[in-house]
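> just the structure for this:
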Amino acid sequence: MNALAAVLFDMDGTLVDTEVLWWRTTELVAQGLGHELTGADAPEVVGRAVEDTAAHLVRVCGGGDPNAVAAALTADFFRRVEAGAPMRPGAQRLLTALEAEGVPFALVSASPRLVVDSVVGGSLAHVPFAFTLSADDTARTKPHPDPYRTAAERLGAAVRDCVAVEDSPDGAASAEAAGCGLLVVPSLLEVPASPVRTFAQSLEEVTPDLLRRCLTAGVPRQGRQEPRPRSSTTPST
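So this is what the prediction gives:
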């Protein structure tokens, strides 16, 4: 099997069960702006950076200060995360198996640093990440490839030898555009299939060997086209 240089984990909805908390936060802020959140809003909320969701709410509400909305989203989400963000089923077993095999792993999130540090200092405090990346640490966050390219560079690894573990369409697009191997474990949103995407229903069925097999799913992976920006009808995670 191919050598697995590193595993790059998304945080929200992948390692920790925070996507529901993010949805409730967005629902509350949207109500304050006079908008009732529905499933139609999900693509602009789940797996999106705080700024993207704030911009969406301002658009659908017909006005408002996106910076103020983003600040309100961050503050409420942080409060909810501080109260507790349990790990997803199978996450601890997989992390333990990777550690036992000496495979390094890092956290690559589209959530702001404030939220990442809260989770890493709480339910993930015992996890020996090589490092953590937040939306504040790269010029562009998901769905752009910057976070995963930056993570591979920090590890001194070729991006093609790293596997990303994601749960959302934007996260999967980011990892695929970067050229990573990719395992998708969907949470709240359906993630489209592609030749380079391997799927699992739960982390409970994921092993280091399955992650190695992701390196050979669909080739070549480098130099893939970046995802196009969302249209004007265009935290996260």
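> same question for stretch 10-18, mean pLDDT?
The average pLDDT within stretch 10-18 is 94.
> end to end, how far does that stretch reach?
12 Å (CA to CA, to the nearest Å).
> now do stretch 178-198
16 Å.
> show the average pLDDT along it.
Taken as a whole, stretch 178-198 has a mean pLDDT of 94.
> tell me which residues in it are buried?
By 16 or more other CB atoms under 10 Å, the buried positions in stretch 178-198 come out as 178-189, 191, 196-198. C-betas here are computed from N, CA, C, even on glycine.
> what's the farthest-apart pair in these?
Using CB to CB, these span at most 26.1 Å, a distance reached by G179 and L188.
> now do the SS call for E176.
Classification of E176 by DSSP: H, G, I helix; E, B strand; the rest coil places it in helix.
> from what I can see it touches R197, true?
Yes - E176 lies in contact with R197 (CB atoms under 8 Å); the separation is 7.0 Å.
> any residues in contact with both of the two?
Listed as contacting both E176 and R197 by CB atoms under 8 Å, 6 or more residues apart in numbering are L182.
> sec struct for V115, please.
helix.
> which pLDDT value goes with it?
So V115 comes in at 90 (pLDDT).
> what lies in contact with stretch 136-151?
Here stretch 136-151 makes contact (CB under 8 Å, 6+ apart) with 6, 8, 47, 49, 106, 108-110, 112-113, 131, 133, 135, 159, 162, 164, 169-171, 173-175, 177-180, 226-227.
> okay, and for the protein, where does confidence drop off?
1-2, 218-237 (pLDDT under 70).
> longest helix of it?
Using DSSP state H, we find that the single longest helix of the chain is helix 66-82.
> what packs against the helix or strand that that one is followed by?
Next helix or strand after helix 66-82 toward the C-terminus (DSSP states H and E): helix 91-101. Applying 3 or more CB pairs under 8 Å, 6 or more residues apart in numbering; DSSP states H and E, one finds that helix 91-101 contacts helix 208-213.
> which other helices and strands does the helix it packs on contact?
Packed against helix 208-213 by the contact rule (3+ CB pairs under 8 Å, 6+ apart) you find helix 91-101, strand 162-166, strand 181-184.
> could I get the ones you listed as JSON lines with distance to L155?
Output for these, formatted as JSON lines (distance: least, CB to CB, whole Å):
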{"stretch": "helix 91-101", "distance to L155": "13"}
{"stretch": "strand 162-166", "distance to L155": "7"}
{"stretch": "strand 181-184", "distance to L155": "14"}
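> ok, now which ones touch T26?
Contact analysis of T26 by CB under 8 Å, 6+ apart lists L37, D41, V45, T53, L57, L73.
> what do you get if the cut-off is 6 Å, keeping everything else the same?
Going by CB atoms under 6 Å, 6 or more residues apart in numbering, T26 touches V45, T53.
> name the residues of stretch 205-214 that are buried.
The neighbour-count check on stretch 205-214 (16+ other CB under 10 Å) flags V206, P208, L211, R212, R213, C214 as buried.
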